[in-house]
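Q: Give me a 3D structure for the following:
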Amino acid sequence: MPELPEVENVAAALRLNLLGRPVTGLRVRFGGVFAPSARAVRAAILGKTLREVHRHGKYLILTFAADPSTTDSTETHLMLHLRMTGQVFVLAGYRPDKHVHAIFDFDGLAVHYRDIRKFGRFTLVDDPRQPSAIDHVGPDMLAVRFGTWHRSIAHRRAPIKALLLDQGIAAGLGNIYVDEALFRARIHPLTTPVALTRTELHEILRSAKAVLRLAIRHGGTTFLNFTNFHGQPGNFRRKLRVYGRTAEPCYLCGTPIARLRIAGRSSHYCPHCQPGR
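A: Got it, this is the predicted structure:
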């Protein structure tokens with residue numbers, strides 16, 4: 001599933017390649033990826049130019065506006081959630097397979113949306129920064145201040161792993177990067193925030209942000225489906241210290257990496273570097 005680093009790489013590519021380009025066509029092959037409908041989305045964006053790409057957690061919000069020379073001053077905001085297998089890319093000579101559900105024409109540049117599981121959505125929304133459709137989502141993990149995050153989490157008695165996955169507390173962290181952040185902070189994933197000091201909680205947030213920024217620089221992580229705007233996989237997989245390394249030796253101490261399930265998700269940790277409380 002694309003997490004914050006993967007989505008940020010998509011956002012950066014859209015800004016670099018598509019800002020200032022008008023939407024001159026939209027070919028829909030499966031209308032179920034559009035809300036409220038493919039017809040509504042086409043009518044809202046056709047002929048308008050992409051002016052801004054904003055990311056909040058795992059969501060992208062694309063703002064389209066008409067040419068300033070026209071009398072149309074309205075803006076359109078289209079939110080994209082890639083969910084589990086969504087991909088947005090440009091590939092020269094690409095022949096769309098059955099999983100390509102939409103092809104956007106940006107003034108001659110064909111941008112494909114591919115989604116094997118069809119869970120991703122393009123949704124027309126009311127605001128370019130904090131649309132009502134994601135009112136349930138907390139502040140972006142890279143932007144949240146420690147004081148805000150600490151007030152939301154310090155009193156909780158659930159496992160820290162489950163709380164870091166809770167998008168209502170802070171948005172963007174997924175399973176891969178939670179495991180990596182807790183390893184960096186030397187915190188067992190079952191530890192509860194009430195058992196942690198303020199300093200330890202500060203280190204968890206710092207580690208989470210550091211892991212996300214490093215993953216962004218390496219293009220995100222690819223295990224199955226994620227590819228960037230040009231169809232290439234992310235390179236952060238080779239930087240992983242615990243995630244997906246069950247029974248392999250810890251890079252720091254040699255102890256075999258252990259795995260358990262927390263909140264229905266696989267959790268990877270080093271029993272020596274991340275001792276239980």
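
Q: What ranges does this protein have for its helices?
A: Assigned by DSSP state H, the helices in the chain fall at 4-18, 38-45, 146-153, 160-165, 175-185, 198-217.

Q: number of nearby residues for the residue lying closest to residue 207 once chain neighbours are set aside?
A: Closest residue to residue 207 apart from its sequence neighbours, by CB to CB, 6 or more residues apart in numbering: residue 184 at 3.8 Å. All C-beta atoms are positioned from the backbone trio N, CA, C, and that covers glycine. Neighbour count of residue 184, defined by other CB atoms under 10 Å: 20.

Q: My guess is residue 184 contacts residue 212. True?
A: No. The criterion here is CB atoms under 8 Å, and residue 184 misses it with residue 212 at 11.3 Å.

Q: coming back round to it: residue contacts, the residue nearest to residue 207?
A: By CB atoms under 8 Å, 6 or more residues apart in numbering, the contact set of residue 184 is 207, 210, 211, 241.

Q: export those to TSV and tack on distance to residue 17 and neighbour count?
A: Formatted as TSV, the contacts of residue 184 follow (distance: CB to CB, whole Å; neighbours: other CB atoms under 10 Å):
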residue	distance to residue 17	neighbour count
207	32	19
210	28	14
211	27	27
241	33	18
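
Q: Pick out the most distant pair among those residues.
A: 210 and 241 (12.3 Å; CB to CB).

Q: that older thread, out of the contacts of residue 184, flag the one nearest to residue 111.
A: Distances from residue 111 to those, taken by CB to CB, are shortest for residue 211, at 29.3 Å.

Q: Quick check: the closest one touching residue 181?
A: Yes. Between residue 211 and residue 181 there is a contact at 4.9 Å, judged by CB under 8 Å.

Q: Can you list the low-confidence ranges for the stretch 51-200 of the chain?
A: Residue ranges of the stretch 51-200 of the chain with pLDDT under 70: 69-71.

Q: mind redoing it with 90?
A: Applying pLDDT under 90 to the stretch 51-200 of the chain picks out residues 67-74, 84, 91-94, 130.

Q: for it, what spans make up the strands?
A: 59-65, 75-81, 86-89, 100-106, 109-115, 121-125 (DSSP state E, counting those that start in this stretch).

Q: Can you tell me which of those strands is packed in deepest?
A: strand 86-89 (a mean of 23; mean count of other CB atoms under 10 Å).

Q: Pull the distance from that strand to the chain's centre.
A: 12 Å (CA atoms, centre = their mean, to the nearest Å).

Q: Parallel or antiparallel, list what pairs with it.
A: strand 109-115 (antiparallel) (DSSP bridges).

Q: tell me the angle the strand it pairs with makes with strand 100-106.
A: Strand 109-115 and strand 100-106 are oriented at 160 degrees to each other (axes from the mean of the first three to the mean of the last three CA atoms, to 10 degrees).

Q: Contacts for strand 109-115 next, please.
A: By CB under 8 Å, 6+ apart, strand 109-115 touches 17-18, 21, 33, 82-83, 85-91, 94, 96-97, 99-105, 120, 122.

Q: Mind pulling the model confidence for the closest residue to residue 245 other than its chain neighbours?
A: Excluding the flanking residues, the one nearest residue 245 by CB to CB, 6+ apart is residue 257, at 4.6 Å. In this model, residue 257 is scored at 98, pLDDT.
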